[in-house]
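**Q** Can you look at this prediction? I've put the sequence above it.
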Amino acid sequence: MDIPVLIESVAGNGYRAKSGEPLPLTAEGETRDEALRNLRQLVLRRLHAGAEMIALEIPGTTAPNPWVEFAGMFKHDPYFDEFVEAMAENRRKMDADPDVP
């Protein structure tokens with residue numbers, strides 16, 4: 001698990017490592033690495049005490065596609081392929097005719 005951490009120097013007092021929500025924790029140390037180690041320990045203590053970090057998936061709020069129920073409805077229709085070919089042939093003729101807009 002990766003969480004964003006802000007590391008900043010503290011005037012005359014080493015470094016501060018700070019995480020944001022959902023774990024608003026702050027730790028200090030004489031060095032940058034020590035501040036990170038101390039912050040890691042704080043996070044681990046929270047997790048070992050029963051806290052959990054999970055990703056929550058929220059389904060989209062858009063309406064379902066109304067055409068999905070019709071998908072594949074012609075796959076067993078013997079005349080459908082003929083119909084599609086007739087449309088394609090008609091399109092080719094129209095594309096070849098310069099008078100058709």
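**A** It's in.
**Q** Got the phi and psi for the most centrally placed residue in the chain?
**A** The C-alpha lying nearest the average C-alpha coordinate of the chain belongs to residue 57 (C-alpha atoms, centre = their mean; 9.3 Å). When quoted as degrees, to the nearest 10, the phi and psi of residue 57 stand at phi -90, psi 130.
**Q** and it, how far is that from residue 22?
**A** According to C-beta to C-beta, to the nearest Å, residue 57 stands 16 Å off from residue 22. No exception for glycine: its C-beta is placed from N, CA and C like everyone else's.
**Q** ok, and the closest non-adjacent residue to residue 74?
**A** Distance criterion C-beta to C-beta, 6 or more residues apart in numbering; nearest residue to residue 74, sequence neighbours excluded, is residue 80 at 4.0 Å.
**Q** now the strands for this structure?
**A** With DSSP state E, the ranges of strands along the chain come out as 5-10, 14-19, 26-29.
**Q** would you turn these into a markdown table with mean pLDDT?
**A** Putting the strands of the chain into a markdown table (pLDDT from 0 to 100) gives the following:
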| stretch | mean pLDDT |
| --- | --- |
| strand 5-10 | 92 |
| strand 14-19 | 92 |
| strand 26-29 | 94 |
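**Q** Sweet, I'm off.
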